[in-house]
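Trainee: From the sequence below, what's the structure:
(one chain, ligands or ions: 2)
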Amino acid sequence: MRYISTRGAAPRLDFEAVLLAGLARDGGLYVPESWPSLKPKTLAGFDGKPYAEVAAAVMAPFIGKAIPQKTFQSMVAETYAGFRHAAVTPLVEVGEGVWIEELFHGPTLAFKDLALQLVGRLYDHVLKKQGRRVTIIGATSGDTGSAALEACRDRRAIDIFILHPLGRVSEVQRRQMTTIDAGNVFNIAIDGSFDDCQDIVKACFNDHAFSDKIGMSAVNSINWARVMAQIVYYVTAAVALGAPNRKLAFSVPSGNFGNVYAGYAAKQMGLDVSQFIVGSNRNDILTRFFKSGSMKVSGVVPSLSPSMDIQISSNLERLLFDLFKRNGPKLGEAMNAFRKTGRFAAPKSGWPAVQKLFTGYKLDDAGTLKAMADLYKRTGMLIDPHSAIGVAAAEAARKDKSIPVVALATAHPAKFPDAVEKATGIRPALPAHLGNLLSRRERYDVLPKDLGKIQDYVLSHRRSGSGN
Ligand SMILES: Cc1ncc(COP(=O)(O)O)c(C=O)c1O
Ligand SMILES: N[C@@H](CCOP(=O)(O)O)C(=O)O
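Mentor: Numbering: from 1, shown residues only. Ligands and ions are numbered 1, 2, ... in the order given. Below is the predicted model:
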């Protein structure tokens with residue numbers, strides 16, 4: 001398997017290289033050159049199989065010869081053995097034909113663990129083989145940061161710097177990052193929004209002298225390996241609900257568009273998905289995009305679902321690549337213009353198919369609280385504000401009631417206790433392994449949204465040895 005950049009002007013890479021590369025040299029994102037196929041017979045064979053077994057099979061074509069098959073299977077088995085639920089991503093029916101897939105049973109209580117617990121192990125394997133070290137710089141609106149730090153802490157060949165927007169993540173999310181006591185972990189709170197943090201990460205990658213010097217790598221969904229591992233739970237949900245003999249719809253609370261893009265990838269591989277509902281909070285650029293085909297960037301506004309407080313959705317570029325019929329240079333021009341003007345219009349050809357598959361749905365904070373309260377009254381279940389947007393969107397925007405819809409529950413309610421308590425009167429407790437989180441010592445530095453200052457910080461704090 002080879003990977004190509006969405007901008008068409010970076011080298012084609014194999015899996016090992018794409019894992020370590022992060023952003024492509026031309027500023028694009030890597031995607032597989034072609035999609036491996038999940039045949040109906042293969043899907044039927046997954047029925048009743050443990051999550052790890054399906055995961056290894058779904059991901060195998062993306063890994064190619066980079067890792068011996070048996071080694072990869074053990075790595076995957078070890079990854080998901082650490083999850084708190086035997087099914088890894090259990091399904092619960094909450095209404096007629098409406099299902100919730102719980103993606104928060106990993107160590108940091110968000111769907112990011114499903115990919116990052118594996119990515120940490122992949123890094124170890126590849127860096128050991130190549131005798132290399134890397135410096136990771138990542139941006140988070142709350143969940144990627146804690147999952148990435150947990151996955152990379154104390155790994156000898158990695159230094160990891162995570163930028164989060166100051167005061168714009170929940171206390172639990174912040175403490176999950178800042179209380180990690182490991183010599184290779186550095187937390188930076190940026191006086192700005194998540195979009196500012198993500199911009200800085202991309203600018204660091206695009207400064208090739210800097211990124212080469214530190215051997216820069218990515219844990220955000222820029223990194224193809226993140227998307228690859230997220231494809232799996234779309235497949236397991238579909239098979240559990242009747243695939244390949246039954247169609248399915250998914251409702252995905254979205255921010256950076258990585259999660260729902262993984263679903264799109266599953267569909268490209270052969271999963272029969274009739275609709276993707278893309279849930280947003282007040283930062284509703286994606287809702288407007290799927291309605292009109294155009295985007296206009298405005299400022300990020302804080303909401304009860306802070307991890308989705310995003311306006312520039314990084315992975316949309318991967319979908320647009322297909323919309324531009326995989327013409328990288330043309331997409332590159334459009335993305336550069338989008339960056340300059342804050343405006344983007346989808347090409348007319350191909351747009352009806354996108355609009356047929358994707359439906360945007362926006363829910364404000366009042367609607368989110370109501371969705372949490374309603375579900376609690378109806379089922380006794382507590383859900384976090386991000387997942388609540390997914391469930392409300394599933395119920396309101398599904399096109400065909402005869403097709404089951406799966407709403408992805410992306411975080412544990414205890415990550416957002418204030419919002420859950422406000423909606424239901426109940427304050428969810430943290431699982432035992434995080435019991436003393438609120439009394440642990442925090443460590444982080446606050447920096448302005450200034451590229452030079454952040455680069456200086458990285459250069460002066462990283463341990464020697466990574467990069468050139
Ligand atoms: C809890 C939660 N829900 C939803 C999202 C949005 O996911 P994505 O950025 O992949 O669209 C995030 C952040 O990524 C998140 O942390
Ligand atoms: N919501 C995310 C934002 C970063 O998304 P990623 O999937 O690109 O890592 C977060 O919680 O940090």
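
Trainee: Can you check the pLDDT for the closest residue to Ile426 other than its chain neighbours?
Mentor: Spatially, and ignoring its direct neighbours in sequence, Ile426 is nearest to Leu382 (6.3 Å; Cβ to Cβ, 6 or more residues apart in numbering). Placement of C-beta: from N, CA and C, glycine included. As predicted, Leu382 sits at a pLDDT of 98.

Trainee: Leu382 is in contact with Val420, isn't it?
Mentor: Yes: the criterion here is Cβ atoms under 8 Å, and Leu382 meets it with Val420 at 5.6 Å.

Trainee: my guess is Ala115 meets Ile231, correct?
Mentor: No: judged on Cβ under 8 Å, Ala115 makes no contact with Ile231 at a distance of 9.6 Å.

Trainee: For those two, indicate the residue with more neighbours.
Mentor: Neighbour totals were compared for Ala115 and Ile231, and Ala115 leads with 31 against 24 (other Cβ atoms under 10 Å).

Trainee: Tell me the secondary structure of that one, please.
Mentor: helix (DSSP: H, G, I helix; E, B strand; the rest coil).

Trainee: what about the residue nearest to Ile426, how many residues close to it?
Mentor: 21.

Trainee: Check Thr144 too.
Mentor: Count around Thr144 with other Cβ under 10 Å applied: 28.

Trainee: Quickly find the element holding it.
Mentor: If you go by DSSP states H and E, Thr144 is part of helix 143-152.

Trainee: and the closest residue to Thr42 other than its chain neighbours, how far is that from ligand 2?
Mentor: The shortest distance from Thr42 to any non-neighbouring residue, by Cβ to Cβ, 6+ apart, is to Ala57 (7.5 Å). Distance of Ala57 to ligand 2, given as Cβ to the nearest ligand atom, to the nearest Å: 24 Å.

Trainee: Low-confidence stretches in this structure?
Mentor: 464-468 (pLDDT under 70).

Trainee: For ligand 1, what's its nearest residue on the stretch 101-250 of the chain.
Mentor: Going by Cβ to the nearest ligand atom, ligand 1 is nearest to Asp143 of the stretch 101-250 of the chain, at 3.3 Å.

Trainee: interface residues of this protein facing ligand 1?
Mentor: Counting by Cβ under 6 Å from any ligand atom, the chain comes close to ligand 1 at 110, 142-143, 253-259, 307-308, 386, 410-411.

Trainee: mind listing which of the residues you listed are in strands?
Mentor: Pro253 (DSSP state E).

Trainee: Also within reach of ligand 2: list those from the residues of the chain next to ligand 1.
Mentor: Answer for the residues of the chain next to ligand 1 near ligand 2 (Cβ under 6 Å from any ligand atom): Gly142, Asp143, Gly255, Asn256, Gly258, Ser307.

Trainee: will you turn those into a markdown table that also has neighbour count?
Mentor: Putting those into a markdown table (neighbours: other Cβ atoms under 10 Å) gives the following:
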| residue | neighbour count |
| --- | --- |
| Gly142 | 30 |
| Asp143 | 28 |
| Gly255 | 30 |
| Asn256 | 24 |
| Gly258 | 25 |
| Ser307 | 31 |
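
Trainee: hmm, which two among these are most spread apart?
Mentor: Greatest spatial distance among these (Cβ to Cβ): Gly142 and Gly258, at 14.2 Å.

Trainee: ok, Ala10 to Tyr30 distance?
Mentor: Relative to Tyr30, Ala10 is positioned 8 Å away (Cβ to Cβ, to the nearest Å).

Trainee: Looking at these two, which is more packed in?
Mentor: Tyr30 (26 against 20).

Trainee: isn't that one right up against Ala225?
Mentor: No: using Cβ under 8 Å as the test, Tyr30 is too far from Ala225 to be in contact (9.8 Å).
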